[in-house]
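Asks: After the sequence you'll find the predicted model.
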There are 4 protein chains.
Amino acid sequence: MEDALLGKLDDMVREKGYPNRSEAIRDLVRRNIVDDEWSDTTGEIIGVLVIVFDHHRRELSSRLLKKEHHWEGNILSTLHLHLDHDNCLEVKVIRGKAGMVKDFADEMISMKGIKYGRLVRATAGGAL
Amino acid sequence: MEDALLGKLDDMVREKGYPNRSEAIRDLVRRNIVDDEWSDTTGEIIGVLVIVFDHHRRELSSRLLKKEHHWEGNILSTLHLHLDHDNCLEVKVIRGKAGMVKDFADEMISMKGIKYGRLVRATAGGAL
Amino acid sequence: MEDALLGKLDDMVREKGYPNRSEAIRDLVRRNIVDDEWSDTTGEIIGVLVIVFDHHRRELSSRLLKKEHHWEGNILSTLHLHLDHDNCLEVKVIRGKAGMVKDFADEMISMKGIKYGRLVRATAGGAL
Amino acid sequence: MEDALLGKLDDMVREKGYPNRSEAIRDLVRRNIVDDEWSDTTGEIIGVLVIVFDHHRRELSSRLLKKEHHWEGNILSTLHLHLDHDNCLEVKVIRGKAGMVKDFADEMISMKGIKYGRLVRATAGGAL
């Protein structure tokens, strides 16, 4: 590896606190595997959807639930936290084909009343 | 300890799979501590509320959320699972005064649309 | 229904805050259905296991995880809360045959290091 | 707004399924607010940490718990799913100063035995 690149790697090891270069490289390779799983829209993946919403929005939570129960994919579990008097945070762990999961997340995030949303790539872990 | 009582204790050790009598006795004592915490309605405890409901019931989940956000006690976290096309299971970890937690649980469980509910005693753990 | 029994029912309606007698009776019947599901040890049920433990106990959480991954039943989801510097609360939603679920819960609760545990009856909801 | 930019916005509305341009623009603005909250390392934010690990790694889960209980920030709740015989997925909802949350996530993700990890920006919602 060239010196410049090696320097960047060492920066990453130091900043993120990896015990050594090998552990950092292993992580990079595994991230790449997950990204590949997600770029194949027909392969099965696991995604984590984070949304923030105001529960006062009329029937929003009922509409969310309806959408979830009618979805073909699999919502393994939802964690719900009351942030304050108005705001809720929900984290949904979702299993399905990558394309379907992305579409579902877009649909949820773009709903009226959802203030904020992010879909995070995860993996069923088999390939790691 | 009398023989008859000792026999019962050994039954418990065998049936529940405790490694020995001491571990079983320790568990009984700790359960008693938790029960005491709960019988003092003004002491702070942790409860776990389990409910099953049909999400098709009109606005039920929105009504649940509203009640939760207006409650004085503290709902630390809710876990939500989709059981099938119709039914949801929710587990709520609640912190508050024992009397308040019981009242809140009763209020939730008796709501129209809630099919099943149980409140379980837990503890913040300090006294164990 | 005799007057004495009716009186008890009305007490329940008032104390728990049911909107009317019918809702209270419906709840009693549904609780009975869940209890029946559980008394048939070969039928599939859902249980909620609550445990409190001290995370300082040597490798306890690793031993718990091992036991869980090797169990034949299905642990749908675990919710973990840090209660204080020492104590953790875990809530596990479990699906399996009633007999298996009870045995698994007994095994967990009786482990050295688990301070407190309770298994709660729930249901997949189909029969309610 | 220039035509080219308007075209991009309409692409976004169509692809993500927003009901209209306003809703899409609102979302962009809110995302920006969250990003700003995170760029101020001393402000309080909420983060969601997703990790995948092999529970067979010696004492890994015990080491994770220890690190969590000793951390100064606040881990509000952890959701744990058994993905398969070997792999676990954990989602942790974390509250703390942005800089602290990032450091904590880096520390967790870089641990030996953690196969995959991502930190997602969320928010306590007040500013949205």
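Replies: Happy to help now that I have it.
Asks: Helices of chain A, start to end?
Replies: Assigned by DSSP state H, the helices in chain A fall at A:3-16, A:21-39, A:60-70, A:98-109.
Asks: Deepest-packed of these, please.
Replies: Ranked by mean neighbour count, the helices of chain A are led by helix A:98-109 with a mean of 19 (mean count of other C-beta atoms under 10 Å in any protein chain shown). C-betas here are computed from N, CA, C, even on glycine.
Asks: would you turn the helices of chain A into a markdown table with distance to chain C and mean pLDDT?
Replies: Listed next are the helices of chain A as a markdown table, based on distance: least, C-beta to the nearest C-beta, whole Å; pLDDT from 0 to 100:
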| stretch | distance to chain C | mean pLDDT |
| --- | --- | --- |
| helix A:3-16 | 24 | 88 |
| helix A:21-39 | 20 | 89 |
| helix A:60-70 | 12 | 88 |
| helix A:98-109 | 18 | 94 |
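Asks: Switch those over to TSV; also include distance to residue B:70.
Replies: Below are the helices of chain A laid out as TSV (distance: least, C-beta to C-beta, whole Å):
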stretch	distance to residue B:70
helix A:3-16	43
helix A:21-39	40
helix A:60-70	15
helix A:98-109	25
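Asks: mind putting those in a markdown table, distance to chain D included?
Replies: Below are those laid out as a markdown table (distance: least, C-beta to the nearest C-beta, whole Å):
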| stretch | distance to chain D |
| --- | --- |
| helix A:3-16 | 4 |
| helix A:21-39 | 5 |
| helix A:60-70 | 12 |
| helix A:98-109 | 4 |
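Asks: Identify whichever of these lies nearest to residue D:98.
Replies: Shortest separation from residue D:98 across those is recorded for helix A:3-16, at 15.6 Å, computed as C-beta to C-beta.
Asks: For that closest one, what is the distance to the chain centroid?
Replies: How far helix A:3-16 lies from its chain's middle: 26 Å, per C-alpha atoms, centre = their mean, to the nearest Å.
Asks: which other helices and strands contact it?
Replies: When contacts are defined as 3 or more C-beta pairs under 8 Å, 6 or more residues apart in numbering or on different chains; DSSP states H and E, helix A:3-16 sits against helix A:21-39, helix D:98-109.
Asks: got the ones you listed as JSON lines, with distance to residue C:119 columns?
Replies: Formatted as JSON lines, those follow (distance: least, C-beta to C-beta, whole Å):
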{"stretch": "helix A:21-39", "distance to residue C:119": "36"}
{"stretch": "helix D:98-109", "distance to residue C:119": "31"}
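Asks: Serialize those to JSON lines and add fields for distance to chain B.
Replies: Listed next are the helices and strands packed on helix A:3-16 as JSON lines, based on distance: least, C-beta to the nearest C-beta, whole Å:
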{"stretch": "helix A:21-39", "distance to chain B": "23"}
{"stretch": "helix D:98-109", "distance to chain B": "18"}
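Asks: And these: which comes nearest residue D:2?
Replies: Proximity to residue D:2 (C-beta to C-beta) singles out helix A:21-39 among the helices and strands packed on helix A:3-16, at 31.6 Å.
Asks: and the angle from that closest one to helix D:98-109?
Replies: 100 degrees (axes from the mean of the first three to the mean of the last three C-alpha atoms, to 10 degrees).
Asks: on contacts alone, who are the packing partners of helix A:21-39?
Replies: Helices and strands touching helix A:21-39, by 3+ C-beta pairs under 8 Å, 6+ apart, are helix A:3-16, helix A:98-109, strand A:114-122, strand D:114-122.
Asks: Relative to the whole chain's centre, how far out is the third one?
Replies: So that's strand A:114-122. 6 Å.
Asks: which parts of that strand are buried?
Replies: For strand A:114-122, a neighbour-count test (16 or more other C-beta atoms under 10 Å in any protein chain shown) marks A:114, A:115, A:116, A:117, A:118, A:119, A:120, A:121, A:122 as buried.
Asks: What residue spans form the domains of chain A?
Replies: As recorded under automatic domain parsing, the domains making up chain A are A:3-39, A:44-122.
Asks: and the end-to-end length of the last one?
Replies: The first and final residues of domain A:44-122 sit 11 Å from each other (C-alpha to C-alpha, to the nearest Å).
Asks: now do the shortest one
Replies: The first and final residues of domain A:3-39 sit 31 Å from each other (C-alpha to C-alpha).
Asks: repeat for stretch A:73-93
Replies: Stretch A:73-93 has an end-to-end distance of 11 Å (C-alpha to C-alpha).
Asks: quick one: buried residues of that stretch?
Replies: Of the residues in stretch A:73-93, A:73, A:75-83, A:86-93 count as buried by neighbour count, 16+ other C-beta under 10 Å.
Asks: Among the domains of chain A, which comes closest to residue C:103?
Replies: domain A:44-122 (24.1 Å).
Asks: Off-centre distance for the closest one?
Replies: On C-alpha atoms, centre = their mean, the centre of domain A:44-122 falls 11 Å from that of its chain.
Asks: The nearest residue to residue A:16 once chain neighbours are set aside: what's it in contact with?
Replies: Leaving aside its sequence neighbours, residue A:16 sits nearest to residue D:106 (C-beta to C-beta, 6 or more residues apart in numbering or on different chains; 4.4 Å). Going by C-beta atoms under 8 Å, 6 or more residues apart in numbering or on different chains, residue D:106 touches A:15, A:16, A:17.
Asks: quick revisit: just put the domains of chain A in JSON lines and tack on distance to residue D:48.
Replies: Shown next, in JSON lines, are the domains of chain A (distance: least, C-beta to C-beta, whole Å):
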{"stretch": "domain A:3-39", "distance to residue D:48": "16"}
{"stretch": "domain A:44-122", "distance to residue D:48": "5"}
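Asks: Any idea which of these gets closest to residue D:58?
Replies: Of all the domains of chain A, domain A:3-39 comes closest under C-beta to C-beta, at 14.9 Å.
Asks: That closest one: how far from the chain's middle?
Replies: Relative to the mean C-alpha coordinate of its chain, domain A:3-39 is positioned 20 Å out (C-alpha atoms, centre = their mean).
Asks: can you pull the contacts of the closest residue to chain C within chain A?
Replies: For chain A, the residue closest to chain C is residue A:77, as judged by C-beta to the nearest C-beta, at 4.1 Å. Counting by C-beta under 8 Å, 6+ apart, residue A:77 touches A:92, A:93, B:79, B:80, B:81, C:76, C:77, D:79, D:81.
Asks: Please apply the same query to residue A:45.
Replies: A:37, A:38, A:95, A:96, A:97, A:98, A:101, A:121, A:122, A:123, A:124.
Asks: Tell me the confidence at it?
Replies: The confidence metric pLDDT takes the value 92 at residue A:45.
Asks: same check, this time on the one 10 residues further on
Replies: The confidence metric pLDDT takes the value 84 at residue A:55.
Asks: how close does it get to residue D:50?
Replies: 24 Å (C-beta to C-beta, to the nearest Å).
Asks: More neighbours: which of those two?
Replies: residue D:50 (26 against 20; other C-beta atoms under 10 Å in any protein chain shown).
Asks: Enumerate the beta-bridge partners assigned to the more buried one.
Replies: Beta bridges link residue D:50 to residue D:91, residue D:118, judged by DSSP bridges.
Asks: ok, it - contacts?
Replies: Applying C-beta under 8 Å, 6+ apart, the residues near residue D:50 are A:48, A:120, A:122, D:89, D:90, D:91, D:116, D:117, D:118, D:119, D:120.
Asks: Taking the residues you listed, tell me the two that lie furthest apart.
Replies: Those two in the contacts of residue D:50 that are separated most widely, counting by C-beta to C-beta, are D:89 and D:119, at 14.7 Å.
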